[in-house]
Structures are given as C-alpha cells and as structure tokens.
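# Got a predicted structure here, sequence first:
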Amino acid sequence: MLKTDREWWRGAVIYQVYPRSFADANADGVGDLQGLLGKLPYIAALGVDAVWISPFFKSPMKDFGYDVSDYCQVDPLFGTLADFDAVLAKAHELGLKVMIDQVLSHTSDQNTWFANSRLSRKGDKADWYVWADAKADGSAPNNWLSVFGGPAWTWDTRRCQYYLHNFLSSQPDLNFHCPAVQDAILDAIRFWLARGVDGFRFDACNFHFHDRQLRNNPPAKSKDTKTVSPDNPYGFQAHVYDKSQPENIAFLKRVRLLLDEYCAMSVGEVGDDDSLKVMAEYTTGGDKLNMAYSFNLLTKDFSAAYIRKQIEDLEKRIGDGWGCWSIGNHDVMRVLSRWGKNSHNPRFSRSMLAMLLCFRGSACLWQGDELGLPEADIPFELLQDPYGIAMWPEFKGRDGCRTPMPWQHDAAAAGFSTGAPWLPVPESHQQLAVSTQEGDPESTLNFYRHFITWRKAQAVLWQGDIQFVDAPEPLLAFSRSLNGERWLCVFNLSESHQSLPCKDKLTLLADAGLSGASIKSGVIEFDHWGALIARIEA
C-alpha cells in the first residue's frame, strides 16, 4: 500500500510532549505552551513527523489535565489560545504535524455540563452523564470498578443518585447514549480542526459507551495486569459491560467523517482485556480511527515470545487497519527501568528504538526516552499523582516517568525552570541532559536523530510486510519485505552474549548505526543488547 500525503501518519514517528514537564517559560515551575514553543526546533531535529501534545485545556488539574472543564479553552497554567496558535504555526513552519490529546469519555466535575446535569433530573443536560438510582439497600447500581481503585460510582446528594466515573470520582463519565453529548463532543473537535490541528490522540477511546442495562461485570478468568498494576482490584473483573461497547463503532464513524472534512487523522488509546481485538475493530474498513495503540507493549513482560505474540496477533486481526506501537508514555514506568532494569549500557535505549521503528505500523515516542532516562524515584511526600498516592507503596504512581525534561546539565532544575519545579529533577537525569548529549556524536540522543532520519528513507520499514523468524530466547527476529526486497531484523533482549545460525546470505546495513552484532561464517554473534538489520540477498 503506497502512502499518500493524506496518509502521512502511516508509518509516522510521533513524539509525545507532556506540557507541564517539558519546558517552563514563566518560572512558575510548571511547563507551558511558550516553553514548548521555544523547544520545537529540538523536536524537529529528532526527525519525527509529528508532536502529540498532552492535554492543555482548562482543568482543575485533579488528574493533571485529563479532567477537562472546558474543551475549547487553554488552561491559564499553560498559557492562552494565542500561545497555542503560535505553537501550531511554528510547528508547521518546521515541518511538524501537530496532534492534540482529546479526553472524550469523561469531563471534570467542574465542567459546566456536569454542574447543570447534577442540578436536576429534568434539566436540559440531565442525561448528559451516567446517572443511576441506588439499589434498595442504598448500595451502588452494580459492581463496576474504577481504574484508579475502588467503586466506579459516587453518590450525589443533589440528584440523590449515583454517577459513573471510570477514573477519579472528580471525572464523571459522559453519557454517549445521549445524541446531544455526541454532538457537543464533535463540536469541540471541530473547534480545534478549524484552528488547523493535524490530528488527535483520543484518550481511553473504548470507554465512551456503557451497557444501558448496567449489568454486573463477571470475574476475570485471569487477572489483567496490562492496563493496571497487579495490586489493583480493577484487574479482577472481565470488563464486559463498562467499556468497549458495540455502539462505539457508530460514534467513531461520525468522528472519522468530521476528521476527513479537514484531512486530519486520529490515533486511539485502547485499554481492554483484549486490546488487540478492539484495536482491529476500531481501525479496519477505513471509516473509523486511522490507527490505535494499546498497553500491550507498556507492560513489564519483556520476552521475545511475548513481544512476538502481540505483533503477530494484531497482524492477524487488523486486515486493512493500521497499528501504532509504543513502549513508553506518561502512564507507565520508563522503559529503561521497566524492561532494561536501569541498564547503564546505552545500547539498550538505542536497540529499543530500532526495534520499535522496525515493527510494521506507526510509533509513539515518550519525551526523555531519547536521552535514555531511567524512572525517577519520587518519595511519598513529593508525590503528585492521585493514583500513586492511593496505591502507595505497592504502586508508586506515574510521577516517576513525568519528571521535568533535563535541558542543561549545569543549571538549576536542569534548565527546565528557573523556579521550583512541580516534580524534582533527579541527579541521574541532570547528567543525561540535552546539553551533555548534543555535543557527543555517540550519545543516545544523536543515535535517535540518526536512526529516525535514516528510517524515513527505508520504505521497507514503514511500508513493508512483517514476518517473524523462529529464534531462541532472548532473541527477537523478524523480516520486513517490500517489492521483492527482504530485510532481517534481530534484537538481543538481554545483557548476555547470544548467537544465531543463519543460512541466508546477509549484507549488514551498517548505515543504520546499530552496534553489538556481527556476522561470522553463517552465525550472527550478539553482544549485550546487540541489534542487527541486514539485507537478505537473493
């Protein structure tokens, strides 16, 4: 399948920015849009195709922007609409597409829609949220649980009913069964399309609809640890009725029609017991999401067999759909700590980037991973994440991956802010600052720049088919092929020496910049975290 200009997202590399932790321009200790504006040349220099900006909308910040009180306003903490327009214009000038994060399944409880809805059972927005009567004994309507722990229902004394919240109690769920809600959401999307955004990342996009009958979820056959931590009771249920409902397909088609009017794209976040199935459903047919990603590579599972299964399972199901893979984001432990066990060998971060960008599909990169940052250890008294505070100490929350970007090795707060940063900057991050790595041709940052740019010229990697090759653990091996050309990609997922016999004649593609692998007498030898990309000769 050839990629057209309208399909720039197919095989694209997308860089995720978490605004409050990226760059602070006004010295209040929190990153902002003006800070992002000044760092756009840095993002463009990575060679990525697009920047995905996490929520910057008006919000009480109970979940740091993922609780929206006004979809069409910039929160003053981040700046103004004029600041956003400046970011958009500068990004386009630099050749970057701009994607923004839309949190559609729920709002803040401070949204005027919710304030109106809770006033009365008969108001014009009475059914804009999911309200339900108590059981005869006063208990919640059913057994649904919140992703953040505890029941998914909170009692409201104004309406004398429970309201649904799949996340924090301050994040009430919208009722997408109400046509007016869908229309209002589409209007909010149109607002940003009219300003010129190129696409959207839809947060928790399989949570839009709930079962009208409010049936209880059954127990899970095996505990789900992909989307929540092992100690969270949310994983005890099979989430059959509280998300991933069939009605969502029709709504996503409405979204796609709107996006197509503006030649804009979408990537949806899917968190489900069977995420790959939902990803396929939401992207096939060319009339719903352009692509979707899940938490399947955001887990602690790190065997070659596990990774292979995720990719192969999606490929079997997705048909003409398109996947988007990620190994790091704002919700999970940094990949260097989660998979690399804080390896001091910089080859780990480089091999993981190459592996990700050699999969069929598009890819999202998490800010700071290009520096090889480890997870920060945040003491309880400095935690900001409500999820982590509730689940401490077994789960320390998401603050450890959200600490400020280290820009300058010899500056306070690593150059992120001249004020006190909202989260501390670890000393280990300060030593890995952009200023240190930019001047080192062998740095992880410069490898990212080289490999991302190199991949753009390799159609076989962003367009070709993928087929896995049997190899012993911990070697992950697969081929990519396009128009008769075949490449072999092999990654050593360990810190030990490995070898792999190979009958094919291989030509090592040294210009990829990978290291730790060599070919000798029909055997590929791997050092720790070694990686190889080679052309298979006819």
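Received it, and whenever you're ready, just let me know what you need. Numbering: from 1, shown residues only.

# show me the residues around the residue nearest to Gly530 when sequence neighbours are not counted that make contact.
Computed as C-beta to C-beta, 6 or more residues apart in numbering, the closest residue to Gly530 that is not its neighbour in sequence is Gly516, at 2.8 Å. In this view, the C-beta of every residue, glycine as well, is placed from N, C-alpha and C. When contacts are counted by C-beta atoms under 8 Å, 6 or more residues apart in numbering, Gly516 is found next to 347, 351, 492, 526-531.

# which one of these is nearest Arg159?
For Arg159, the nearest member of the contacts of Gly516 is Ser351. The distance, counting by C-beta to C-beta, is 54.6 Å.

# Please, which helix or strand holds that closest one?
Ser351 is part of helix 347-358, with elements assigned from DSSP states H and E.

# mind saving the C-alpha coords of that helix as PDB?
What follows is helix 347-358 as a C-alpha-only set of coordinates in PDB (Å, rounded to 0.1, in the frame of the first residue of the first chain):
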ATOM      1  CA  ARG A 347      22.900   0.300  23.700                       C
ATOM      2  CA  PHE A 348      19.700  -0.700  25.400                       C
ATOM      3  CA  SER A 349      17.900   2.500  24.600                       C
ATOM      4  CA  ARG A 350      19.200   2.500  21.100                       C
ATOM      5  CA  SER A 351      18.200  -1.100  20.400                       C
ATOM      6  CA  MET A 352      14.700  -0.500  21.800                       C
ATOM      7  CA  LEU A 353      14.200   2.500  19.500                       C
ATOM      8  CA  ALA A 354      15.400   0.400  16.500                       C
ATOM      9  CA  MET A 355      13.100  -2.500  17.400                       C
ATOM     10  CA  LEU A 356      10.100  -0.200  17.800                       C
ATOM     11  CA  LEU A 357      10.700   1.500  14.500                       C
ATOM     12  CA  CYS A 358      11.300  -1.800  12.700                       C
END
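
# Contacts only, for Asp109.
Residues near Asp109 by C-beta under 8 Å, 6+ apart: 67, 169-172.

# could the residues you listed go into TSV alongside secondary structure, pLDDT and distance to Val87?
What follows is those, written out as TSV (DSSP: H, G, I helix; E, B strand; the rest coil; pLDDT from 0 to 100; distance: C-beta to C-beta, whole Å):
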residue	secondary structure	pLDDT	distance to Val87
Asp67	coil	98	22
Ser169	coil	98	33
Ser170	coil	98	28
Gln171	coil	98	26
Pro172	coil	98	30
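
# Quick check: Arg121 is in a strand.
No: going by DSSP: H, G, I helix; E, B strand; the rest coil, the assignment for Arg121 is coil, not a strand.

# Quick check: next helix or strand after the helix ranked longest in the chain?
The longest helix of the chain (DSSP state H) is helix 179-195. If you walk from helix 179-195 toward the C-terminus, the next helix or strand you reach (DSSP H and E) is strand 199-203.

# CA atoms only: put that next one into PDB for me.
Output for strand 199-203, consisting of C-alpha atoms alone and laid out as PDB, is shown next (Å, rounded to 0.1, in the frame of the first residue of the first chain):
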ATOM      1  CA  GLY A 199      -4.800  15.100  14.200                       C
ATOM      2  CA  PHE A 200      -6.000  13.800  17.600                       C
ATOM      3  CA  ARG A 201      -4.900  11.300  20.100                       C
ATOM      4  CA  PHE A 202      -8.200  10.100  21.700                       C
ATOM      5  CA  ASP A 203      -7.700   9.100  25.300                       C
END
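
# Output the contacting helices and strands for it.
Contacting strand 199-203 under the criterion 3 or more C-beta pairs under 8 Å, 6 or more residues apart in numbering; DSSP states H and E are the following elements: strand 97-103, helix 248-261, strand 265-270.

# Please dump these into JSON lines; it should also carry distance to Ile536 for every row.
Rendered in JSON lines, the data for the helices and strands packed on strand 199-203 read as follows (distance: least, C-beta to C-beta, whole Å):
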{"stretch": "strand 97-103", "distance to Ile536": "33"}
{"stretch": "helix 248-261", "distance to Ile536": "38"}
{"stretch": "strand 265-270", "distance to Ile536": "32"}
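
# just the ones you listed: most buried one?
Among the helices and strands packed on strand 199-203, ranked by average contacts under mean count of other C-beta atoms under 10 Å, first place goes to strand 265-270 (a mean of 26).

# ok, back up a step: pull the distance from the longest helix of the chain to the chain's centre.
Helix 179-195 sits 22 Å away from the centroid of its parent chain (C-alpha atoms, centre = their mean, to the nearest Å).

# same question, stretch 269-279
On the basis of C-alpha atoms, centre = their mean, stretch 269-279 is displaced by 13 Å from the centre of the chain it belongs to.

# now stretch 85-99
Averaging C-alpha positions (C-alpha atoms, centre = their mean) puts stretch 85-99 20 Å from its chain's average.

# buried residues in that stretch?
Taking 16 or more other C-beta atoms under 10 Å as the basis for neighbour counts, the residues of stretch 85-99 that come out buried are 86-88, 90-91, 96-99.

# again, but for stretch 110-130
If you call a residue buried by 16+ other C-beta under 10 Å, then stretch 110-130 has these buried ones: 110-111, 113-114, 117-118, 125-130.

# Identify, from those, the entry nearest to Gln384.
Closest to Gln384, out of all of the buried residues of stretch 110-130 and judged by C-beta to C-beta, is Gln110, at 18.6 Å.

# residues contacting that closest one?
Neighbouring residues of Gln110 by C-beta under 8 Å, 6+ apart: 60, 69, 170.

# The same query, at a cut-off of 7 Å, please.
Listed by C-beta atoms under 7 Å, 6 or more residues apart in numbering, the contact set of Gln110 reads 60, 69.

# Also Ser266?
In this structure, Ser266 makes contact with 199-200, 202, 255, 259, 289-290, judged by C-beta under 7 Å, 6+ apart.

# give me the beta-bridge partners of it?
Phe200 (DSSP bridges).

# Next one, pLDDT for it please.
Model confidence at Ser266, expressed as pLDDT, equals 98.

# now swap in Lys226 and tell me
Confidence per residue is given as pLDDT, and for Lys226 that number is 70.

# Relative to Gly199, how far out is it?
Applying C-beta to C-beta, to the nearest Å, the value for Lys226 to Gly199 is 25 Å.

# and those two? which has more neighbours close in?
Of the pair Lys226 and Gly199, Gly199 is the one with more neighbours under other C-beta atoms under 10 Å, namely 26 against 19.

# check contacts around the more buried one.
Listed by C-beta under 7 Å, 6+ apart, the contact partners of Gly199 are 9, 97, 99, 264-266.

# all strands for the stretch 401-538 of the chain, in order.
Remark: strands of the stretch 401-538 of the chain, listed N- to C-terminal, are 465-469, 475-482, 485-492, 498-501, 506-508, 517-520, 523-526, 531-536; assignment by DSSP state E, counting those that start in this stretch.

# any idea how far the shortest one is from the chain center?
Translated: strand 506-508. 34 Å.

# Same question for the fourth one.
Averaging C-alpha positions (C-alpha atoms, centre = their mean) puts strand 498-501 34 Å from its chain's average.

# Could you tell me which ranges of this protein sit under the pLDDT cut-off?
When the per-residue scores of the chain are filtered using pLDDT under 70, the ranges that remain are 1-4, 224-225.

# ok, Pro233 touching Ser146?
No: Pro233 sits out of contact with Ser146 when judged by C-beta atoms under 7 Å, with a separation of 9.4 Å.

# Give me the number of neighbouring residues for Val335.
The number of residues packed around Val335, counting by other C-beta under 10 Å, is 27.
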